[in-house]
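J.: Compute the structure for the input listed below.
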Amino acid sequence: MAALFNCIFQKVLTNAHNMRIIKSRKEVMLLKRRDLIETLTSNGYELYRHGSNHDIYQKGKKQIAIPRHKEIVEDTARGILKEAGLK
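T.: Sure thing, here's the model as predicted:
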């Protein structure tokens, strides 16, 4: 009986693990950080300061935080551009 339980339990764990892998394989579009910064600077934003995990760009009184990753997820980049008033 214990062997049967262990076998079923192992299959459940394997299926749950495979489901997690499939969910994590969702294709995500990435944008280069430097391209995003070039877009901001060409529209009047200047580097204001370096934060611990983000660089802060400023145009007038408006400040935008850019995360320090080589590539930024498309949804995040879209939100940054929207916050900057560019999209």
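
J.: State the phi and psi torsions of the residue nearest to the spatial centre of the chain.
T.: For the chain, the residue nearest the mean C-alpha position is Val73 (3.9 Å; Cα atoms, centre = their mean). Backbone torsions for Val73, taken as degrees, to the nearest 10, come to phi -60, psi 140.

J.: and the gap between it and Arg49?
T.: Using Cβ to Cβ, to the nearest Å, one gets 24 Å for the distance from Val73 to Arg49. All C-beta spots, glycine's among them, are computed from the backbone N, C-alpha and C.

J.: Over to Thr39?
T.: When Cβ to Cβ is applied, the distance between Thr39 and Arg49 equals 20 Å.

J.: Can you pull out the low-pLDDT segments for the chain?
T.: Judged against pLDDT under 70, the low-scoring parts of the chain cover residues 1-26.

J.: if I pick Glu74, what's in contact with it?
T.: Applying Cβ atoms under 8 Å, 6 or more residues apart in numbering, one finds that Glu74 lies in contact with 28-31.
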